[in-house]
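Undergrad: the amino acid sequence is not available; the structure is as follows:
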């Protein structure tokens, strides 16, 4: 079974949307990536840090999905990373109300010994130096390194970000971040420029408008499934990344053609994530439901057309 190493936050979130609000609930990039990747036949491990205020029941949620937590550091007397946000009526934009780094402020990732040879490395959104430090600890070159980042690091740690981007294979960012990083408005030009920075593949996430995959001159577009209910978009991008990297780890194939399938799998899993608050939907999700919705994705874009010669 192939190994998938996941690095990112394991956190508390407090979320407010037009449909309601939550108290502190389970969140964090690595949490969503791990839950999503658990739908594939892979050995996965999370490298992260929490405080001793992190409840055992949340640890159990991850363990129940067969995620290796030997790389999850629990700091005695420490507090877990906390994020609070409020979504606007369109659910596409949000305001951060509070961010408390807590134990994350001094996080030194420690890759478990038996995952230093992981086939696929999924670097969730963290400080670029933390992401680099994980790559430094690998004893074998991974078949594929996927990195997710955000405009915050472009604003305050750009040199370090450029350094780690040069060491990866796939960069996943949203359209606004792609424009900021490249200085190009056209996403085609932006992706081409980003590919000169190191990554051979660029995935640009467009939320409810799907995702684009770029490689050399090739482009693939995956729609997002039009949903009746979107309850909470938190974690959708990380769920997408978990589906993408989990599928590639399972299939042992890092070609452009297979990445198209990975994008569809990622989009499919993300469509479930948004149906309930936080991780709730991903925890109860069944494989049969995932397969059924894949058929809907297929129907959404399948058509036969006769091209004139």
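TA: In hand now; what should we look at? Not measured: the values here are computed from a predicted model.

Undergrad: residue 94 contacts residue 83, correct?
TA: No: contact criterion CB atoms under 8 Å: residue 94 and residue 83 do not qualify, at 10.6 Å. To be clear about C-beta, it is placed using only N, CA and C from the backbone, and glycine gets the same treatment.

Undergrad: okay, strands next: where are they in this protein?
TA: Per DSSP state E, the chain carries strands over the ranges 3-7, 11-17, 20-21, 25-27, 43-51, 67-75, 82-87, 94-100, 120-123, 144-148, 170-174, 201-205, 211-215, 218-222.

Undergrad: between residue 94 and residue 83, which is the more surrounded one?
TA: The residue with more neighbours, out of residue 94 and residue 83, is residue 83; 19 against 15, by other CB atoms under 10 Å.

Undergrad: so how far is residue 13 from that one?
TA: Computed as CB to CB, to the nearest Å, the residue 83 to residue 13 distance reads 5 Å.

Undergrad: intersection of neighbour lists for those two?
TA: residue 27 (CB atoms under 8 Å, 6 or more residues apart in numbering).

Undergrad: grab the most central residue of the chain for me.
TA: Closest residue to the average C-alpha location of the chain: residue 238 at 2.7 Å, with CA atoms, centre = their mean.

Undergrad: do I have it right that that residue meets residue 35?
TA: No: if you go by CB under 8 Å, residue 238 and residue 35 don't touch, sitting 9.0 Å apart.

Undergrad: list the buried residues in stretch 68-80.
TA: Using 16 or more other CB atoms under 10 Å as the test for burial, stretch 68-80 gives 68-69, 71-73, 75, 78-80.

Undergrad: how about those residues, which pair is most distant?
TA: By the measure CB to CB, 68 and 79 form the most distant pair in the buried residues of stretch 68-80, at 24.1 Å.

Undergrad: where does the chain have low pLDDT?
TA: Scanning the chain for pLDDT under 70 picks out no residues.

Undergrad: so where do the helices sit in it?
TA: 29-37, 56-63, 128-136, 151-156, 158-165, 175-182, 187-195, 236-251, 256-273, 280-284, 287-301 (DSSP state H).

Undergrad: now do the buried residues in the shortest one.
TA: Of the residues in helix 280-284, those buried by neighbour count under the rule 16+ other CB under 10 Å are 280-282.

Undergrad: not counting sequence-adjacent ones, nearest residue to residue 13?
TA: Spatial nearest neighbour of residue 13, chain neighbours left out: residue 27 (3.1 Å); criterion: CB to CB, 6 or more residues apart in numbering.

Undergrad: who's the one you found bridged to?
TA: Residue 27 has these beta-bridge partners by DSSP bridges: residue 11.

Undergrad: run a quick neighbour tally on it.
TA: A count of nearby residues for residue 27, using other CB under 10 Å, gives 27.

Undergrad: could you do the one 4 residues further on as well?
TA: By the criterion of other CB under 10 Å, residue 31 has 30 neighbours.

Undergrad: got the phi and psi for the residue lying closest to it once chain neighbours are set aside?
TA: Setting aside the residues directly before and after it, residue 31 is nearest to residue 10 in space (CB to CB, 6+ apart), at 5.3 Å. For residue 10, the backbone dihedrals (degrees, to the nearest 10) come out as phi -120, psi 120.

Undergrad: wait, residue 10 sits on residue 51?
TA: No: if you go by CB under 8 Å, residue 10 and residue 51 don't touch, sitting 10.4 Å apart.

Undergrad: shared neighbours, those two?
TA: Joint contacts of residue 10 and residue 51 (CB under 8 Å, 6+ apart) are residue 80.

Undergrad: now the strands of the chain in a markdown table, please, with extra columns for distance to residue 229.
TA: Output for the strands of the chain, formatted as a markdown table (distance: least, CB to CB, whole Å):
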| stretch | distance to residue 229 |
| --- | --- |
| strand 3-7 | 28 |
| strand 11-17 | 12 |
| strand 20-21 | 13 |
| strand 25-27 | 19 |
| strand 43-51 | 29 |
| strand 67-75 | 27 |
| strand 82-87 | 14 |
| strand 94-100 | 18 |
| strand 120-123 | 28 |
| strand 144-148 | 26 |
| strand 170-174 | 22 |
| strand 201-205 | 20 |
| strand 211-215 | 21 |
| strand 218-222 | 21 |
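
Undergrad: mean neighbour count, those: which tops it?
TA: strand 120-123 (a mean of 30; mean count of other CB atoms under 10 Å).

Undergrad: partners of that one in the sheet?
TA: Strand pairing for strand 120-123, determined by DSSP bridges: strand 3-7 (parallel), strand 144-148 (parallel).

Undergrad: and those as a markdown table, adding distance to residue 252?
TA: Shown next, in a markdown table, are those (distance: least, CB to CB, whole Å):
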| stretch | distance to residue 252 |
| --- | --- |
| strand 3-7 | 11 |
| strand 144-148 | 10 |
